[in-house]
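**Q** Could you work out the structure for the sequence below:
(2 chains)
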Protein chains: 2
Amino acid sequence: MKSELISVGTEILLGEILNTDAQFLAGELSELGIDVYHQSVVGDNAGRLAEALKTALSRSDIVIASGGLGPTPDDITKEVIAETMGEKLILHEESLRRMQEYFNRVHREMCKNNIKQAMLPEHCIVLNNNNGTAPGCIIEKDGKTVIMLPGPPAELTRMFSESVRPYLEKRSEDKLFTRTYHIFGKGESAVAAELSELMEKNTNPTVAPYAKTGEVHLRLGAKAKSQSEADKIMESADKRIRQSFGRYIYSTDGKSLPEVVFSKLLKAGKTICTAESCTGGLIAKTITDFPGSSGIFSEGYVTYSNEAKIKNLGVKRETLQSFGAVSEETAGEMAEGAARVSGADIGVSVTGIAGPDGGTPEKPVGLVFIAVCFGGRTEVRRLELNGDRDKIRYLTMLHVFSLINERL
Amino acid sequence: MKSELISVGTEILLGEILNTDAQFLAGELSELGIDVYHQSVVGDNAGRLAEALKTALSRSDIVIASGGLGPTPDDITKEVIAETMGEKLILHEESLRRMQEYFNRVHREMCKNNIKQAMLPEHCIVLNNNNGTAPGCIIEKDGKTVIMLPGPPAELTRMFSESVRPYLEKRSEDKLFTRTYHIFGKGESAVAAELSELMEKNTNPTVAPYAKTGEVHLRLGAKAKSQSEADKIMESADKRIRQSFGRYIYSTDGKSLPEVVFSKLLKAGKTICTAESCTGGLIAKTITDFPGSSGIFSEGYVTYSNEAKIKNLGVKRETLQSFGAVSEETAGEMAEGAARVSGADIGVSVTGIAGPDGGTPEKPVGLVFIAVCFGGRTEVRRLELNGDRDKIRYLTMLHVFSLINERL
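**A** Residues are numbered from 1 along each chain as shown, chains lettered A, B, ... in the order given. Have a look, this model is predicted:
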């Protein structure tokens, strides 16, 4: 079963809002095993909307249009679609009553122009709106289905989950089951090269790598009736993937690298202290992104200047003088200092040149040293990173959590 | 001049990623005064991409395709577009060299399949990629222009700003000149109500408020040939806006609140030290987001536990015992301690309950105290914030910078 999405709204075309509705709908449809081959966005313009609808109906079984069900004159989705499909709009008393109730609940006066929202195609399945005023509807005609949903995400997502998903579940055979391998330490091209023959087959299951900043997400998907059937379909590909990237895979359940490390620390009851130079607090901030971080994190140091490194972490002045702030030696002493002054089980440190300035031929922008001091052993890693300041700091953060992950 | 966007990527059709590229490009194009009437998304499928391109070329002058420039076999954008436009792909030595340099810098082996990324249309303007490997390109043919950009946002946004925007600026006649008033301390509806009559006219200039997390961005836009002409068109609306929100407007040049404060600190040569509890390093991280931060920031403290507050900032044990860690008194002593131990001109502090747990009837989630110690005077502010953990931490950060801004 083929479907496609038409998002209606000038504010999307102008880049004023992000099209989160399309992502939500696409995700739901692929979970239902319904193919989505096209998404399009048109403004509040009758001609272009009608044209987009005709194109969509010519190549898809199901068209979901979102947005443009509001009370104002520039909300034209229902009018245009009804006309294009030869449907008359008539007042739907029940919806008008529900709308009146809604306004009573929120203690607001219902405007005359809201009545427009209760005008629905003569032959349609009405979709109640439990988060707003505009009802949605489904038109089934000549073997095609058009579903109209309101644009506001809170209204669209609730209406879809309550009414549209059950409607579509009845109609779809197979569901898509996916498992995503989060891989750190291998580039997309390396992953792709390694799995080329798996990817070429690419029928059922399908394998697709996605490059993320600093990591690769490898998605394995199987169309099946049930999870257990999907697991069978994925079995050999799963084995192959784990053989190739075993130690680089840090999660298969959607957890981020910091999240994985955080859970491990909590589970192991290991406390951690951060000593950051170029990341300037990003590592500590990331650890404390997670509720319950006080269980493993009691303090962190941002030591930007040499003096701060000496005063707060006990880094030796000679070390800074002979090797410099951005050096293996300084990183090591920072991590050890962090563990010592905090009494934490693990001390981690970062010192580097995030740029754009401050680079030299010997120590270019992107040169970063990270260290982990744990169980009496300090491990330092030299990174040579590429990108702008934000990217270098972000990649450093990932490398730090990866190093901790290896040590746990 | 009409343009449209084609986003290429199965991961968008599957709802795995949000199409932020389309929003970015749409926003940039409308700023340039280039109309965007259509956006579409197709998967990594040659037939459907070619069809989408032909449709786009039939109705638009400029087509921007993003995504599918990667090294893997399912990256087909360049191949399909080149073929559709009757262009041969040939190896672009310069790009191959740049790519080789990139891999050397990041110390990764360049795979054979990366060479594919240096294959470019015989007649095209090459767009260098300074955040990754895949170059972009511009094909001009038969009065139509097709621009191909890599999908990863960090690569796309940088390539657009560095190469595409200047290219398009040369081509567009009437530009849209905008001035965005960043307003902190007033809600969107309050702003909209205050400016209703301005917004109703909404021809040239146009006025539109956008709700952002914790603040409102009010965009004033004028279509004009030159900046000076635009300034004239905006003049009276500008006066009106400043009358209404004068003291709430912290920037009109797109600068964020932290950026504004950072520049003021640099200019005034004032140094700052952070003492953070619930924000866990976010304030320090935000200060060090900016190049040159070492000029005003030498150290910061994340004191999550009471002991850390006592040890590192000299907060009195009695204060913690009698008033608690989340209190006006503790916030004040933290800020004073930060200034004292660091010798910085300004000490700022945060202590609060970010949630989701840890709230009590007297001290609910969202209760945060922030303090600034500057010029011998300590000012503490009590915040009662709503939202999840991330939002509470983010809003706290904005309030801290706003308080510093008032004191400078």
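
**Q** Quick one: mean pLDDT over stretch A:113-128.
**A** Throughout stretch A:113-128, pLDDT has a mean value of 94.

**Q** shaky segments in chain A?
**A** Within chain A, the segments meeting pLDDT under 70 span A:202.

**Q** Could you tell me which residues of the stretch 151-300 of chain A lie near chain B?
**A** Proximity of the stretch 151-300 of chain A to chain B, by Cβ under 8 Å from any Cβ of the partner chain, involves residues A:187-190, A:192-193, A:196, A:199-200, A:208-211, A:213, A:219, A:274, A:276, A:278-285, A:287-289, A:291-294, A:297-300. No exception for glycine: its C-beta is placed from N, CA and C like everyone else's.

**Q** Can you turn the buried part of those into a PyMOL selection?
**A** Burial among those is assessed by 16 or more other Cβ atoms under 10 Å in any protein chain shown; the matching PyMOL selection reads:
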select buried, chain A and resi 187+188+189+190+192+193+199+208+209+210+211+213+219+274+276+278+279+280+281+282+283+284+285+287+288+289+293+297+298+299+300
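
**Q** So which of the residues of the stretch 151-300 of chain A next to chain B sit within strands?
**A** Of these, the ones assigned to strands by DSSP state E are A:208-211, A:219, A:274, A:276, A:297-300.

**Q** Report back the residue of chain A that's furthest from centre.
**A** The centre of chain A is farthest from one residue, A:Glu318, which by Cα atoms, centre = their mean lies 45.8 Å away.

**Q** Which parts of the host helix or strand of that residue count as buried, going by neighbours?
**A** Here A:Glu318 sits within helix A:317-323, counting by DSSP states H and E. Applying a neighbour-count criterion of 16+ other Cβ under 10 Å, one finds A:319-320, A:323 buried in helix A:317-323.

**Q** now stretch A:306-320
**A** A:306-313, A:315, A:319-320.

**Q** can you tell me the distance between the two ends of that stretch?
**A** Using Cα to Cα, to the nearest Å, the end-to-end distance of stretch A:306-320 comes out at 7 Å.

**Q** which residues touch the spatially closest residue to A:Asp44 that is not a sequence neighbour?
**A** Nearest non-adjacent residue to A:Asp44, counting by Cβ to Cβ, 6 or more residues apart in numbering or on different chains: A:Asp74, 4.4 Å away. Neighbouring residues of A:Asp74 by Cβ atoms under 8 Å, 6 or more residues apart in numbering or on different chains: A:10, A:44, A:68.

**Q** Wait, a strand at A:Asp74?
**A** No: with DSSP: H, G, I helix; E, B strand; the rest coil as the criterion, A:Asp74 is coil rather than part of a strand.

**Q** where's it relative to chain B, distance?
**A** Taking Cβ to the nearest Cβ, to the nearest Å as the measure, A:Asp74 falls 12 Å from chain B.

**Q** Also A:Val216?
**A** Between A:Val216 and chain B the distance is 11 Å, computed by Cβ to the nearest Cβ.

**Q** and that residue, how many neighbours?
**A** A:Val216 is flanked by 22 other residues according to other Cβ atoms under 10 Å in any protein chain shown.

**Q** same check, this time on the one 4 residues further on
**A** As a burial measure, the neighbour count of A:Leu220 was computed by other Cβ under 10 Å and equals 22.

**Q** then the helix or strand just after the helix holding A:Glu318 to CSV, C-alphas only?
**A** Using DSSP H and E, the helix or strand that follows helix A:317-323 towards the C-terminus is helix A:328-342. C-alpha atoms of helix A:328-342 as CSV (Å, rounded to 0.1, in the frame of the first residue of the first chain):
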residue,chain,number,x,y,z
GLU,A,328,49.2,14.4,27.0
GLU,A,329,50.9,15.2,30.3
THR,A,330,48.6,18.0,31.2
ALA,A,331,45.5,15.9,30.3
GLY,A,332,46.7,13.1,32.5
GLU,A,333,47.4,15.3,35.5
MET,A,334,44.0,17.0,35.0
ALA,A,335,42.2,13.7,35.1
GLU,A,336,44.2,12.5,38.1
GLY,A,337,43.6,15.8,39.8
ALA,A,338,39.9,15.6,39.2
ALA,A,339,39.7,12.1,40.8
ARG,A,340,41.9,13.2,43.7
VAL,A,341,40.3,16.5,44.7
SER,A,342,36.8,15.1,44.3
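
**Q** How about residues contacting helix A:328-342?
**A** The contact list for helix A:328-342 (Cβ under 8 Å, 6+ apart) reads A:271, A:273-275, A:277, A:298-301, A:303, A:309, A:312-316, A:319-320, A:322-324, A:344-351, A:369-374, A:378, A:380, A:382, B:308.

**Q** 6 Å instead, please
**A** Applying Cβ atoms under 6 Å, 6 or more residues apart in numbering or on different chains, the contact partners of helix A:328-342 are A:273, A:275, A:299, A:313-315, A:319, A:323, A:347-349, A:351, A:369, A:371, A:373, A:378, A:380.

**Q** One more: stretch A:193-200?
**A** The set of residues external to stretch A:193-200 that reach it, using Cβ under 6 Å, 6+ apart, is A:207, A:237, A:244, B:111, B:113.

**Q** Which ones among the residues you listed map onto helices?
**A** Using DSSP state H to define helices, the subset of the contacts of stretch A:193-200 located there is A:237, A:244.

**Q** Just send the contacts of stretch A:193-200 back as JSON lines, with distance to B:Gly33 and neighbour count too.
**A** Listed next are those as JSON lines, based on distance: Cβ to Cβ, whole Å; neighbours: other Cβ atoms under 10 Å in any protein chain shown:
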{"residue": "A:Val207", "distance to B:Gly33": "44", "neighbour count": "23"}
{"residue": "A:Ala237", "distance to B:Gly33": "49", "neighbour count": "19"}
{"residue": "A:Ser244", "distance to B:Gly33": "50", "neighbour count": "17"}
{"residue": "B:Cys111", "distance to B:Gly33": "42", "neighbour count": "18"}
{"residue": "B:Asn113", "distance to B:Gly33": "40", "neighbour count": "18"}
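
**Q** Of the contacts of stretch A:193-200, which pair is most distant in space?
**A** Using Cβ to Cβ, the contacts of stretch A:193-200 span at most 21.1 Å, a distance reached by A:Ala237 and B:Cys111.

**Q** do stretch A:346-355 and chain B meet at all?
**A** No: using Cβ under 6 Å from any Cβ of the partner chain, stretch A:346-355 stays clear of chain B, coming no nearer than 7.2 Å.
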